[in-house]
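Student: the following comprises the amino acid sequence and a computationally predicted model.
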Amino acid sequence: MALLQIAEPGMSAAPHQHRLAVGIDLGTTNSLVAAVRSGSAVCLPDEGGRVTLPSVVRYGSDGEIQVGAQALSAQKTDPANTVSSAKRLIGRTLADLQQEHHYLPYRFGQNERVIELNTRQGAKTPIEVSAEILKTLKTRAEASLGGDLVGAVITVPAYFDDAQRQATKDAARLAGLNVLRLLNEPTAAAIAYGLDNASEGTFVVYDLGGGTFDVSVLQLSKGLFEVKATGGNSALGGDDFDHRLFCHLLEENSLSQLGEQDSQLLLSLTRAAKETLTTETEAAVSATLSDGRTIHTVITRQAFHNLTQHLVLKTMEPVKQALKDAGIGKADVSGVIMVGGSTRMLHVQQAVGTFFGQTPLNNLNPDEVVALGAAMQADVLAGNKPDGEWLLLDVTPLSLGLETYGGLAEKVIPRNSTLPTARAQEFTTFKDGQTAMTIHVVQGERELVSDCRSLAKFTLRGIPPMAAGAARIRVTFQVDADGLLSVSAQEQSTGVQAQIEVKPSYGLDDDTITQMLKDGMSNAAEDMAARARAEAAVEAESLIEAVSAALTLDGDLLEADELAAIEADIAALQSRLKNGAAEDIRAAVAKLGRSTDNFAAKRMNRNIQRALQGQSVDDI
Ligand code: ADP
Ligand code: MG
């Protein structure tokens, strides 16, 4: 895994030269950059001594671009040109956002492939916004480390799909950063803990950030980190606690319908109050609204906990599911790693402690732990630790599969498979003489393609014409260590090959992933019925096709009433295909089969006669 050590001209000590590499936690709310210095990972501060950079970018009126705290404070007065939470938009499309309930104060462009935000400096994509954040961190790191970076490890939620990972890589490229690896955030956190404490066993990473909740189950043993399962909720985080408190304030002060600026002001004050309540037993919110009304409300910690306890409980469902997916019970968990600023809240700590029956690990700063782990991984990948390598194993969050005839999804790589991974599966042609095949790659847990998310389509051409079912097409799925998918396909007897890099036209949002996972479980019975129906339909269609072809060739063998009976049975089967259940279709298939028995016998006789014509008995 380590890069080759390259001796630079004139530097005899080159093999021992420390190569500058950083870890970047590109967060929804806050981003950080860290590096290994004198053997230990530290977060790098800005000139003001702050390590967290608010993930906010403002496109100013004079062509200036502000990133961080300055942009965050301008958000109240200039919301349309100030972009926050770009991570929620990266690798996604407008269509994805229509299912999103969060209010977004932006003017969206109409591009269907990538989200565009119309700012006074023109249309900006979330990729460009993220690139500004990365650029700021890169500049900070180079100033602080005193040299050019060889590369960076950038963390992404374990749940990020192919499009979101690809878009994150694109942002890094725009920022002029060489990506050594995209690393899952919980894995980075575990690296930080695992190396510091030389821990072994099964660990749960509980990451409650500003806008998202991620949970992962990891197996740690000497130098080996294996992700056993991942889960979460992409619409649950500190923002929801702010919002609940905000609504409480509106109620307490009998306020409704606030303007944009007043809302932003109150939201930032409630967030500050929430953070205060982590260390104080009460906090006050005082503000003067734009119409001159004043607000002064004191909130106790207990009241805040009562208002938001349901949100804390909501995090436990994905926790239970992840344990189930990993095939373990609470008692098997050696430690629970707390990540994300929101895990500072005391009722979160308490709930997690109670659920697992143990005090969660929180001796590392929950804001910094992801960046620290990423920095350690970057140090290894940059070749600074030739004998201190660890092997990192991550998993795919959703099953990957192919559409097969009848709209069924055939799973090729089941979810929670260890990365990197490659699996192959053989498929065959459906029609006689079929020379091309479209390979449709889908992601999701459901049986029917229409219920999964389409990732990409590509076509394999030049299949030699063969009888239906004779061609053997081997499709290989490869998911690399960054979680990016590529698919190749080859016809086995001729070696005809087609290949694509899966570059989906739209992203798969986390809500959809969560929903797809849920649907996959709750709809298992329904899906089985749908699968049975689709299979019956495939059989029916091929029978209709075969009978129709035979009628064209040898229809003259039939009496008029025989022909009418067969045609009536075909029509009956076609109508069952439109709206019948699996059993109805099968019954109609059987009926058509019976009514064509005599026809088949007549055809066989004719074919034998044809074969015999012009041949002497000796030839046979
Ligand atoms: P992300 O991973 O989404 O970028 P972070 O891990 O930085 O987010 O967490 C940001 C969230 O943590 C915000 O909602 C912030 O209000 C919350 N937070 C930070 N410090 C505290 C604190 N002391 N008490 C409660 N919440 C906090
Ligand atoms: Mg985070």
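Tutor: Looks like it came in fine. From a predicted model like this one, the values you see are computed outputs, not experimental measurements. Ligands and ions are numbered 1, 2, ... in the order given.

Student: and the residue most central in space within the chain, its phi and psi?
Tutor: Nearest to the geometric centre of the chain sits D161, at 2.6 Å (CA atoms, centre = their mean). Here is the backbone geometry of D161 (degrees, to the nearest 10): phi -90, psi -180.

Student: look at it and report its pLDDT.
Tutor: Note on D161: pLDDT of 79.

Student: that one reaches R415, doesn't it?
Tutor: No: D161 is beyond contact range of R415, at 11.6 Å (criterion: CB atoms under 8 Å). C-beta coordinates here come from the backbone N, C-alpha and C atoms, glycine included.

Student: quick check: the residue nearest to the centre of the chain vs ligand 1, distance?
Tutor: For D161, the distance to ligand 1 equals 18 Å [CB to the nearest ligand atom, to the nearest Å].

Student: over to D162?
Tutor: On the measure of CB to the nearest ligand atom, D162 and ligand 1 end up 21 Å apart.

Student: how about that residue: what's its closest non-neighbour residue?
Tutor: Computed as CB to CB, 6 or more residues apart in numbering, the closest residue to D162 that is not its neighbour in sequence is L485, at 5.3 Å.

Student: hey, what's the one you found bridged with?
Tutor: L485 has these beta-bridge partners by DSSP bridges: V479.

Student: F427 now?
Tutor: I473.

Student: residues of the stretch 151-300 of the chain that sit close to ligand 2?
Tutor: Counting by CB under 5 Å from the ion, the stretch 151-300 of the chain comes close to ligand 2 at G209.

Student: which element is Q219 on?
Tutor: Taking DSSP states H and E as the criterion, Q219 maps to strand 213-221.

Student: helices and strands around the helix or strand I337 falls within, which ones?
Tutor: Assessed by DSSP H and E, I337 sits inside strand 333-339. When contacts are defined as 3 or more CB pairs under 8 Å, 6 or more residues apart in numbering; DSSP states H and E, strand 333-339 packs onto helix 185-197, strand 201-208, helix 346-356, helix 369-381.

Student: hmm, try it at 7 Å
Tutor: helix 185-197, strand 201-208, helix 346-356 (3 or more CB pairs under 7 Å, 6 or more residues apart in numbering; DSSP states H and E).

Student: include distance to Q425 when you put these into CSV, please.
Tutor: Output for these, formatted as CSV (distance: least, CB to CB, whole Å):
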stretch, distance to Q425
helix 185-197, 28
strand 201-208, 31
helix 346-356, 39
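
Student: can you put the ones you listed in CSV and add distance to ligand 1 and mean pLDDT?
Tutor: As requested, the helices and strands packed on strand 333-339 are arranged in CSV below (distance: least, CB to the nearest ligand atom, whole Å; pLDDT from 0 to 100):
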stretch, distance to ligand 1, mean pLDDT
helix 185-197, 8, 78
strand 201-208, 7, 93
helix 346-356, 8, 97
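
Student: now these in a markdown table, with mean neighbour count?
Tutor: Shown next, in a markdown table, are the helices and strands packed on strand 333-339 (neighbours: other CB atoms under 10 Å):
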| stretch | mean neighbour count |
| --- | --- |
| helix 185-197 | 26 |
| strand 201-208 | 25 |
| helix 346-356 | 17 |
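
Student: quick one: which of the ones you listed is nearest V369?
Tutor: Smallest distance to V369 across those (CB to CB): 4.7 Å, for helix 185-197.

Student: which other helices and strands contact that closest one?
Tutor: Short answer (3+ CB pairs under 7 Å, 6+ apart): helix 185-197 packs on strand 151-156, strand 201-208, strand 213-221, strand 224-233, strand 333-339, helix 369-381.

Student: quick one: contacts of that helix?
Tutor: Helix 185-197 is touched from outside by 155-158, 199, 203, 205, 207, 214, 216, 218, 220, 225, 227, 337, 339, 361, 364, 369-370, 372-374, 376-377, 392, 394, with contacts defined as CB atoms under 7 Å, 6 or more residues apart in numbering.

Student: chain center to the strand holding Q219: distance?
Tutor: A distance of 16 Å separates the centroid of the chain from that of strand 213-221, by CA atoms, centre = their mean, to the nearest Å.

Student: in CSV, list the C-alpha atoms belonging to it.
Tutor: Extracted in CSV, the C-alpha atoms of strand 213-221 (Å, rounded to 0.1, in the frame of the first residue of the first chain):
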residue,chain,number,x,y,z
PHE,A,213,-26.0,10.3,12.0
ASP,A,214,-23.8,7.4,11.1
VAL,A,215,-23.2,4.2,12.9
SER,A,216,-20.7,1.5,12.1
VAL,A,217,-19.6,-1.8,13.6
LEU,A,218,-15.9,-2.5,13.2
GLN,A,219,-13.7,-5.4,14.0
LEU,A,220,-10.3,-4.2,15.3
SER,A,221,-7.3,-6.5,15.8
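
Student: what secondary structure does R92 sit in?
Tutor: coil (DSSP: H, G, I helix; E, B strand; the rest coil).

Student: so Q121 versus E64, what's the distance?
Tutor: Applying CB to CB, to the nearest Å, the value for Q121 to E64 is 9 Å.

Student: which of the two has more neighbours?
Tutor: Q121 (15 against 9; other CB atoms under 10 Å).

Student: give me the residue from the stretch 101-250 of the chain nearest ligand 1.
Tutor: G238 (2.0 Å; CB to the nearest ligand atom).
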